[in-house]
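Participant: Just a sequence and a predicted model for now, questions to come.
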Amino acid sequence: MQKPRQTSIGLTPREKENLGKAKNLYEEKTGDRTDWGGFLGAVAALGLAALGVYALASSSRDKPTVLCPACDRKFPIGHSGDLPPVVYVTCPHCDAELVVDFT
């Protein structure tokens, strides 16, 4: 038997309401209309960067190039199609784990 692609997450009505408000604010601010998986992935990555688990970097969508805060070297971000608002990458020079914000 195959595992389902999605599973339910137990939330109280208040938690669901708060997450719904946060998702709406995120979509208004970024202009990115995303599903719950995309939203929660972006919020988790940014939250881990805020806690210092990953380094936070930013880049423009026009030329997605990042200056690594760990080694001060630039590297391009390869992509196909539209870039999401936030991506997780590893610096090819020093292996630092980065969260890149394109918003």
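Facilitator: Everything's here; your move.
Participant: start to end distance for stretch 62-80?
Facilitator: 13 Å (C-alpha to C-alpha, to the nearest Å).
Participant: Ok, stretch 49-60 next?
Facilitator: 18 Å.
Participant: quick one: contacts of that stretch?
Facilitator: Stretch 49-60 has contacts (C-beta atoms under 8 Å, 6 or more residues apart in numbering) with 45-46, 48, 65-70, 77, 88, 96-102. To be clear about C-beta, it is placed using only N, CA and C from the backbone, and glycine gets the same treatment.
Participant: Apply 6 Å and report the result again.
Facilitator: For stretch 49-60, the surrounding residues in contact (C-beta atoms under 6 Å, 6 or more residues apart in numbering) are 48, 66, 69, 96, 97, 98, 99, 100, 101, 102.
Participant: Looking at those, point me to the pair that's furthest apart.
Facilitator: 96 and 102 (18.2 Å; C-beta to C-beta).
Participant: Helices of the chain, start to end?
Facilitator: With helices called from DSSP state H, the chain shows them at 13-30, 36-50.
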